[in-house]
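Colleague: Need the 3D shape of this:
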Amino acid sequence: MKILITGGAGYIGGTVAGLLGARGHQAVVFDNLSHGRRDMVPADAEFVEGELADRPALENLFKTAKSNGRPFDGVLHFAALIEAGESMVRPETFFRNNTASTLSLLEAMLAAGPRRLVFSSTAAVYGEPEVTPIEEDARLQPTNAYGESKLLVEHMLGWMHRIHGLRSASLRYFNVAGAPEGPDGVTRGEAHEPESHLIPLVLDVALGRRASIKIFGDDYPTQDGTCIRDYIHVSDLADAHLLALAALETEDSAQHRLIFNLGNGQGFSVREVIESARRVTGHAIPAEVHPRRAGDPAVLVASSAKAIRQLGWKPNYTQLDDIVRTAWIWHQKRYRN
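Modeller: Numbering: from 1, shown residues only. From the prediction side, this is the model:
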């Protein structure tokens, strides 16, 4: 297959591009490098620098591929701003970047591109869940603008399917972490600028790049007062994308949009993640408590039963220490070299 990967110079997109290449497919990465890095793009992938909001550029990319006899078979859409806390300060930026720019992509696909899209959605569409583990038919009530910006895209995909027959799969991620392990060892990992995710922040402390890790709220209704999240390894997530892309060939996807939760099925608190990092790294990792952040739900844990049942997906990394271990290998390689 020939697949366009928007945001493919990022942590998740770059990992998926690498998996596509390893399985004999052609990946074309489209990224503006505002948050991604050129070295995250696999050597065997084609790289195109551009803006997702630039509909003519996307249409031209699709048309050129067709004229060269190698049209795109599908799109994996990762490009987005992801900082939930920042979305509560500058929501307009998230709606412009995550929602409006995706509409430009969809218009380009309808005009000249493939009719299969796997969308990188988020567990933030659920907000504060009423029941955990969360299933796909749970109420959708985001508590931050980031989650709302993704939910609006899901609504658009519903109408595009209903009216234009665009086939799509929305994958609602929980917390993605770890680094892919391959024949050449760990080659890429999680590093955002600015960094907002817990595991790389904790590992920064272990490396001495930060003095301590901040715990935002220790008065949540959980066993130790800190937020609980479901952590999925990035390689398991990459596998799910290829399975979802294949599922878009089925008759079921012609009748219905596909929506899947992707998580580990078990939650770990902020303090448990810190303790795991202490075990893996052998460092003390000082922690300090700060007030809660706006829009942070107390518990987000997935039920991935539907993905396991319908996609045949199964996470290989189920232990938190194993996820943190792979992240630590890459973190040391990146920041100690």
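Colleague: From now on I want contacts and neighbour counts done on CA atoms only, so please keep to that.
Modeller: OK.
Colleague: give me the number of residues near the residue nearest to residue 54 when sequence neighbours are not counted?
Modeller: Excluding the flanking residues, the one nearest residue 54 by Cα to Cα, 6 or more residues apart in numbering is residue 104, at 6.9 Å. The criterion is other Cα atoms under 10 Å. On that basis, residue 104 has 19 neighbouring residues.
Colleague: ok, what's across the strand from residue 76?
Modeller: Taking DSSP bridges as the rule, residue 76 bridges to residue 5, residue 118.
Colleague: isn't it right up against residue 12?
Modeller: No - Residue 76 lies out of contact with residue 12 (Cα atoms under 8 Å); the separation is 10.8 Å.
Colleague: Specify the local secondary structure of the residue nearest to residue 54.
Modeller: When classified by DSSP: H, G, I helix; E, B strand; the rest coil, residue 104 comes out as helix.
Colleague: What's the per-residue pLDDT of it here?
Modeller: The model reports residue 104 with a pLDDT of 98.
Colleague: any idea how far stretch 215-233 is from the chain center?
Modeller: Centroid separation between stretch 215-233 and its chain, computed with Cα atoms, centre = their mean, to the nearest Å, is 20 Å.
Colleague: what comes into contact with it?
Modeller: Residues outside stretch 215-233 that contact it (Cα atoms under 8 Å, 6 or more residues apart in numbering) are 174-179, 262-271, 287-293, 297-302, 315, 317-318, 320, 323.
Colleague: Please spell out which residues along it are buried.
Modeller: 215-218, 220, 226-233 (16 or more other Cα atoms under 10 Å).
Colleague: Check stretch 242-257 too.
Modeller: Buried, per 16+ other Cα under 10 Å, within stretch 242-257: 242, 244-245, 247-248, 253-254, 256-257.
Colleague: Just the residues contacting that stretch, thanks.
Modeller: 20, 74, 116-118, 158, 161, 165, 167-170, 311-313.
Colleague: can you check stretch 172-192 too?
Modeller: With Cα under 8 Å, 6+ apart, stretch 172-192 has contacts from 11, 14-15, 35-36, 40, 120-123, 199-200, 229-235, 237, 259-263, 300-302, 323-327, 329-331.
Colleague: end-to-end on stretch 250-267?
Modeller: Distance across stretch 250-267, first residue to last, is 32 Å (Cα to Cα, to the nearest Å).
Colleague: now it, how far from the chain's geometric center?
Modeller: Computed by Cα atoms, centre = their mean, the chain-centroid distance of stretch 250-267 equals 15 Å.
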